[in-house]
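Enquirer: I would like to see how this sequence folds:
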Amino acid sequence: FRNRGGGGGGGLARSELHLVDLAGCEQIKKSKVTGQAKREAVGINSSLCVLKKCIRALNEDKGHVPYLESKLTMLLRPAFGGSSRTYALITGSTEERHMEETLQAVRFGEECSMISNQARQAASSVEGAAKAIDAALDQCESGMRSLEQRGKTHLPAFAKLRERFAALSRKRADLAMPQGAGAAAVATA
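Expert: Now for the predicted structure:
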């Protein structure tokens, strides 16, 4: 949508809405699932475990948040550690046989509520975009440095941070290139 607010400018604002149903922790002992359903339950549980690690790392202001350890947390990264408004809706059961799961869900909701995000508008100028990319580059460097110091350069998370750093570096270089210079370089190549 176009922002026609008090500044008189017609800046462009982009928003996204994500609705994610996390289902819940699958109690394999209770459900007694086997085969493919058991493999799926194990996958769900491991993703939710990584999500809890990310939320704890954010709440404890740790230097490294393990977003890259699961597809779920990579998908939810902007919601939990980015510029967004995030709401968590927790459901439970009043039945006694589901009390343990309900209590876990409520505790998870409490941890989610402790995360503080700041929704802010993205850059609308080249200078603002450059600053945003520079901040992301600094964050990547910090994450890589943290993993290096702990001897964790063998992890997929480190490789993904390195790839993201390279992609951001290319974007930053393209942004620094004067208008028309890119077209001229392609034409002469």
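Enquirer: if I look at the spatially closest residue to Leu22 that is not a sequence neighbour, how far off is Ala129?
Expert: Among residues not flanking Leu22 along the chain, Leu48 sits closest, at 6.8 Å (Cβ to Cβ, 6 or more residues apart in numbering). Every C-beta, even on glycine, is put in place using the N, C-alpha and C of the backbone. As judged by Cβ to Cβ, to the nearest Å, Leu48 and Ala129 stand 35 Å apart.
Enquirer: higher neighbour count, these two?
Expert: Between Leu48 and Ala129, counting by other Cβ atoms under 10 Å, Leu48 is the more crowded of the two (20 against 15).
Enquirer: mind telling me what element the more buried one is part of?
Expert: Leu48 is part of helix 35-59 when elements are defined by DSSP states H and E.
Enquirer: helices or strands up against that helix?
Expert: helix 28-31, helix 71-81, helix 99-113 (3 or more Cβ pairs under 8 Å, 6 or more residues apart in numbering; DSSP states H and E).
Enquirer: if you set the cut-off to 6 Å instead, what comes out?
Expert: helix 71-81 (3 or more Cβ pairs under 6 Å, 6 or more residues apart in numbering; DSSP states H and E).
Enquirer: may I see the buried residues of the helix it packs on?
Expert: Leu72, Thr73, Leu76, Ala79, Phe80, Gly81 (16 or more other Cβ atoms under 10 Å).
Enquirer: per-residue confidence at the third one?
Expert: According to the model's per-residue confidence, Leu76 sits at a pLDDT of 86.
Enquirer: so who does it touch?
Expert: Listed by Cβ atoms under 6 Å, 6 or more residues apart in numbering, the contact set of Leu76 is empty.
Enquirer: how close does it sit to Tyr67?
Expert: 8 Å.
Enquirer: of the buried residues of helix 71-81, closest to His18?
Expert: Ala79 (6.5 Å; Cβ to Cβ).
Enquirer: ok, the closest one - contacts?
Expert: By Cβ under 6 Å, 6+ apart, the contact list for Ala79 reads Thr86.
Enquirer: make it 10 Å
Expert: Contacts for Ala79 were tallied using Cβ atoms under 10 Å, 6 or more residues apart in numbering; they are Glu16, His18, Val20, Arg85, Thr86, Tyr87, Ala88, Cys112, Ile115, Asn117.
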